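*Asks:* fold the following and give me the result.
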Amino acid sequence: MGNRNAGNKYSAAHHRLAALQILPTLHFPRDQARSFFRSFIFSAFPSTLYFVMRFRDRSACLIFITLALLPAPAASQETSWQKDLAAWREQYVANLLKPDGWLSLSGLEWLQPGDNSIGSAADNKIHLAGGSPAHLAILHLEGEIVALNPPPGGFPQDFLVSGAPAKPQPLRAEANNDKVSPHLTVGTLNMYVIRREARFALRIKDSHSPGIVGFHGLKFFPPDPAYRVTARWIPYSPPKTITLATLVGTNYDQPVPGAAEFTLQGKSFRLEPVLEDPAVAKLFFILRDTTSTSTTYGACRFLYTGFPTNGLDKPGELILDFNHLENPPCAYTSFSTCPLPPPGNRLPIALPVGEQRYHN
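*Replies:* A predicted model of the protein is given here:
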């Protein structure tokens with residue numbers, strides 16, 4: 001009894017060291033190894049050491065000891081998920097702070113039919129920040145055509161259109177497809193024409209905007225793997241179209257390729273994503289939950305995912321990780337035009353994960 005009590009005082013580290021020292025002398029049969037392994041993993045190491053020493057297969061014992069020292073697979077997966085989430089958050093912040101990221105927005109000027117002069121001088125219809133050219137250009141709106149024309153005295157030498165010296169030309173602008181718009185750059189400014197239904201506007205970004213200069217960091221809920229769910233993908237054949245309303249009072253249509261059904265907090269829910277660009281394997285969920293009244297942005301939050309396991313047109317599975325919920329651009333600036341969630345994407349539960357409010 002005295003020796004046994006003294007042995008119980010050893011720490012787990014002492015027992016593991018002792019096991020490694022006696023390992024070359026151990027022998028046990030492989031059939032006994034299998035049954036022993038189950039109990040070995042789920043029991044305290046000191047209580048199993050005596051039985052390990054009775055077996056005769058040296059290689060099997062080495063496997064036991066090695067596996068005992070490794071982290072559990074579930075723990076490794078969770079650690080990997082947390083690292084991926086942390087990396088996503090870091091990249092998300094970096095994108096916001098890019099010279100042409102959403103925090104760089106400094107103006108949204110709706111164009112009027114006819115001439116819309118641009119510059120820092122007081123006689124312009126669209127006023128730019130101080131330090132910009134007094135008279136930069138004229139945007140002429142006629143029907144559905146926006147033309148870039150020079151001001152009196154010509155374009156400033158450092159004024160570029162898509163990287164080339166500015167010249168008179170029509171400016172491409174497609175409804176709700178800003179990616180095709182040519183960028184007009186001068187100094188720290190980056191501008192382009194956007195179209196929302198029949199309305200046109202000049203979007204102005206500034207790499208020295210108040211949003212970038214005054215950035216004070218983002219707030220996120222603690223990560224919670226319980227809000228990473230596997231949804232059942234139900235394709236629509238043919239895909240349907242929904243009309244999305246925006247915060248600026250416009251509407252636009254988007255294709256909906258299917259729906260994602262999932263269970264959370266013991267209840268079943270259904271969300272519909274839109275497909276912004278068929279050439280990009282990405283689904284766009286616009287949703288709202290009950291945290292919008294307290295801790296998250298009131299209008300909505302966004303969730304981007306990949307495609308379902310079997311593509312868009314076949315039943316399959318889709319991972320919805322609500323830890324990746326992010327604010328729309330309008331959460332940071334009033335110079336953006338954000339869509340509102342369709343009625344079916346307004347969940348009656350709380351999703352206390354992802355990004356919180358930026359402005360209190």
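*Asks:* end to end on stretch 131-147, go ahead and measure it.
*Replies:* Stretch 131-147 has an end-to-end distance of 25 Å (Cα to Cα, to the nearest Å).
*Asks:* how about that stretch: buried residues?
*Replies:* Across stretch 131-147, burial judged by 16 or more other Cβ atoms under 10 Å covers Ser132, Pro133, His135, Leu136, Ala137, Ile138, Leu139, His140, Leu141, Val146. Every C-beta, even on glycine, is put in place using the N, C-alpha and C of the backbone.
*Asks:* narrow those to those in strands?
*Replies:* Ala137, Ile138, Leu139, His140, Leu141, Val146 (DSSP state E).
*Asks:* what about the closest residue to the fifth one other than its chain neighbours, neighbour count?
*Replies:* Pointing back at Leu141 there. Closest residue to Leu141 apart from its sequence neighbours, by Cβ to Cβ, 6 or more residues apart in numbering: Leu111 at 4.6 Å. By other Cβ atoms under 10 Å, the residues close to Leu111 number 21.
*Asks:* backbone dihedrals for Leu111, please?
*Replies:* Dihedral pair for Leu111: phi -80, psi 140, per degrees, to the nearest 10.
*Asks:* circling back: quick check: the farthest pair among the ones in strands among the buried residues of stretch 131-147?
*Replies:* Ala137 and Leu141 (13.1 Å; Cβ to Cβ).
*Asks:* which among the ones in strands among the buried residues of stretch 131-147 gets closest to Ala281?
*Replies:* When these are compared for distance to Ala281 (Cβ to Cβ), Val146 wins out at 32.1 Å.
*Asks:* so what's that closest one bridging to?
*Replies:* Leu141, Leu171 (DSSP bridges).
*Asks:* which residues sit in contact with it?
*Replies:* By Cβ atoms under 8 Å, 6 or more residues apart in numbering, the residues touching Val146 are Leu111, Leu139, His140, Pro170, Leu171, Ala173, Val193, Phe200.
*Asks:* now the residues you listed as JSON lines including distance to Pro339 and pLDDT?
*Replies:* Shown next, in JSON lines, are the contacts of Val146 (distance: Cβ to Cβ, whole Å; pLDDT from 0 to 100):
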{"residue": "Leu111", "distance to Pro339": "21", "pLDDT": "98"}
{"residue": "Leu139", "distance to Pro339": "25", "pLDDT": "98"}
{"residue": "His140", "distance to Pro339": "29", "pLDDT": "98"}
{"residue": "Pro170", "distance to Pro339": "28", "pLDDT": "98"}
{"residue": "Leu171", "distance to Pro339": "24", "pLDDT": "98"}
{"residue": "Ala173", "distance to Pro339": "18", "pLDDT": "96"}
{"residue": "Val193", "distance to Pro339": "20", "pLDDT": "98"}
{"residue": "Phe200", "distance to Pro339": "18", "pLDDT": "97"}
